[in-house]
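Engineer: quick one, what's the 3D model for this:
(one chain, ligands or ions: 2)
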Amino acid sequence: MAGTRIATPNLTEALHAAHPAVTAAEKPGEGNVLSLAARCASALIRHWSSTAVAVTMGRLGALLSLGEDIPLIVPGTAHPETDTCGAGDAFAASVALELGGGALPSEAVTAAVGHAGAHVAAGGAAGLATAPTGEPTTDRPTVGGREHATYVTDSRVRIPFTTPSGKAIGMPGRRASWSPAPPRLAEEVVAATRATGGTVVATGGCFDILHLGHIAMLRAARVLGDCLVVCLNSDASIRRLKGRDRPVNGCADRRALLEALECVDAVTVFDEDTPEAPLTALRPDIWVKGGDYTVSELPEAHLLASWGGQTLTVPYVPGRSTTRLIEVARQDIRTMT
Ligand SMILES: Nc1ncnc2c1ncn2[C@@H]1O[C@H](COP(=O)(O)OP(=O)(O)OP(=O)(O)O)[C@@H](O)[C@H]1O
Ligand SMILES: O=P(O)(O)O[C@@H]1O[C@H]([C@H](O)CO)[C@@H](O)[C@H](O)[C@@H]1O
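Structural biologist: Ligands and ions are numbered 1, 2, ... in the order given. Below you'll find the predicted structure:
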């Protein structure tokens, strides 16, 4: 396999191939699957002399290892009981096509997870069946013979989301009214998650002006476990780290915006320059940062490892940063004056 750009075993194949380098006692479904996948991938890079290994894990997506750096996890999307036949082939073919088009391994794996997810969402191998006209079979719901503008589906029923006339049709069981849940303390969320044997995921940052990259990272982090706690830098901490003109948004606003996100279960604020204090207090199982970081820039990875925790990065959304938003805003002001 020497010279292979990216090998794409599923977790069972990776565990089998990495035996006995990876503890045989650990089987998928036991312990932290992501840690197991990372260990298998790292062992297989050496064993196969391949440049990278991407371990596919169904709805958990794929974990990409390039060797010693922090693994990249690209979460998949949960699909109800559908035919996943061919998803692995769709993933591997997509990786090959992306690499052939000049994509980086991280870009190729990110795109391939999306393509494999689309394959499953379309019904897997069964979804490839075509109508006599050669058109893909999609039994989209219709109203008066016309297709709905958009629809929400799950394995049980297709729920029209809006009609062609734009009338939104409510989802069965939707609550008549809505009220915001009060913010929860990080310690409480962690204790409740631990009490049910769940996996605690944490991330950290300044989150000064919330943007799409933040949302993508937070959502990707949340699906890796059973709760997500955000360690948020205080205003004084950000001023020391990013300059006296930062943050643009004060701590209360930054915290409230994060707490309003469905994927965030709790926020804890720290005043130091680095997140060691909240991490030591919470001892998360998984620490997640965006793909703009490498292992050398995350000293806290060693702290996580000290209690068996794992540090992962998730795909970076290009062109999104608070710094860029501030620069664009300043340019706009300059052009207006
Ligand atoms: N475009 C992005 N895609 C994915 N993750 C991101 C992106 N931008 C930031 N993150 C992640 O969000 C967290 C908070 O980062 P941060 O608040 O520094 O964002 P930022 O936009 O880079 O800010 P700044 O421009 O001030 O450095 C970090 O884990 C970081 O890796
Ligand atoms: O928003 P940022 O710049 O990603 O947040 C910083 O991340 C640092 C990183 O975790 C490496 O240690 C951290 O040290 C710093 O306190 C900010 O949270």
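Engineer: from here on, contacts and neighbour counts on C-alpha atoms
Structural biologist: Noted.
Engineer: quick one: the helices in the stretch 201-337 of the chain?
Structural biologist: With DSSP state H, counting those that start in this stretch, the ranges of helices along the stretch 201-337 of the chain come out as 212-222, 235-242, 251-259, 276-282, 300-306, 322-336.
Engineer: quick one, which of these is nearest to residue 9?
Structural biologist: Closest of the helices of the stretch 201-337 of the chain to residue 9 is helix 212-222, at 21.6 Å (criterion: CA to CA).
Engineer: got the angle for the closest one vs helix 251-259?
Structural biologist: 60 degrees (axes from the mean of the first three to the mean of the last three CA atoms, to 10 degrees).
Engineer: quick one: buried residues of helix 212-222?
Structural biologist: 213-222 (16 or more other CA atoms under 10 Å).
Engineer: for stretch 200-212, same thing?
Structural biologist: 200-210.
Engineer: near ligand 2 too, which of those?
Structural biologist: Among the buried residues of stretch 200-212, the residues that sit close to ligand 2 (CA under 6 Å from any ligand atom) are 204-207.
Engineer: could those go into a markdown table alongside distance to ligand 1 and pLDDT?
Structural biologist: Listed next are those as a markdown table, based on distance: CA to the nearest ligand atom, whole Å; pLDDT from 0 to 100:
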| residue | distance to ligand 1 | pLDDT |
| --- | --- | --- |
| 204 | 6 | 98 |
| 205 | 4 | 98 |
| 206 | 4 | 98 |
| 207 | 4 | 98 |
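Engineer: now the residues you listed as a markdown table including distance to residue 68?
Structural biologist: Converted to a markdown table, these look like this (distance: CA to CA, whole Å):
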| residue | distance to residue 68 |
| --- | --- |
| 204 | 22 |
| 205 | 24 |
| 206 | 27 |
| 207 | 28 |
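Engineer: widest-spaced pair of those residues?
Structural biologist: 204 and 207 (8.6 Å).
Engineer: identify the contacts common to those two.
Structural biologist: Common contact partners of residue 204 and residue 207 (CA atoms under 8 Å, 6 or more residues apart in numbering): residue 232.
Engineer: who are the contact partners of the residue nearest the centre of the chain?
Structural biologist: Nearest to the mean C-alpha position of the chain, by CA atoms, centre = their mean, lies residue 220 at 1.8 Å. Shown in contact with residue 220 (CA under 8 Å, 6+ apart): 74-75, 314.
Engineer: for ligand 2, what are the nearby residues on this protein?
Structural biologist: 204-207, 233, 273-275, 297-300.
Engineer: next, count neighbours for residue 181.
Structural biologist: 8 (other CA atoms under 10 Å).
Engineer: tally of neighbours for residue 246?
Structural biologist: Residue 246, neighbours per other CA under 10 Å, totals 18.
Engineer: my guess is it contacts residue 238. True?
Structural biologist: Yes: the pair residue 246 and residue 238 passes the contact test of CA atoms under 8 Å, sitting 6.4 Å apart.
Engineer: near ligand 1, which of the buried residues of helix 212-222 show up?
Structural biologist: 213-214, 217.
Engineer: and which of the residues you listed is nearest to ligand 1?
Structural biologist: Of all these, residue 213 has the smallest distance to ligand 1: 3.4 Å, by CA to the nearest ligand atom.
Engineer: skipping adjacent residues, who's closest to that closest one in space?
Structural biologist: Of all residues not flanking residue 213 in the chain, residue 317 sits nearest, at 5.1 Å (CA to CA, 6 or more residues apart in numbering).
Engineer: ok, the one you found - contacts?
Structural biologist: Contacts of residue 317 (CA under 8 Å, 6+ apart): 212-213, 216.
Engineer: save the residues of the chain next to ligand 2 as TSV, and put in distance to residue 324 too.
Structural biologist: TSV is the format used below for the residues of the chain next to ligand 2 (distance: CA to CA, whole Å):
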residue	distance to residue 324
204	20
205	16
206	15
207	13
233	19
273	22
274	23
275	24
297	21
298	22
299	26
300	26
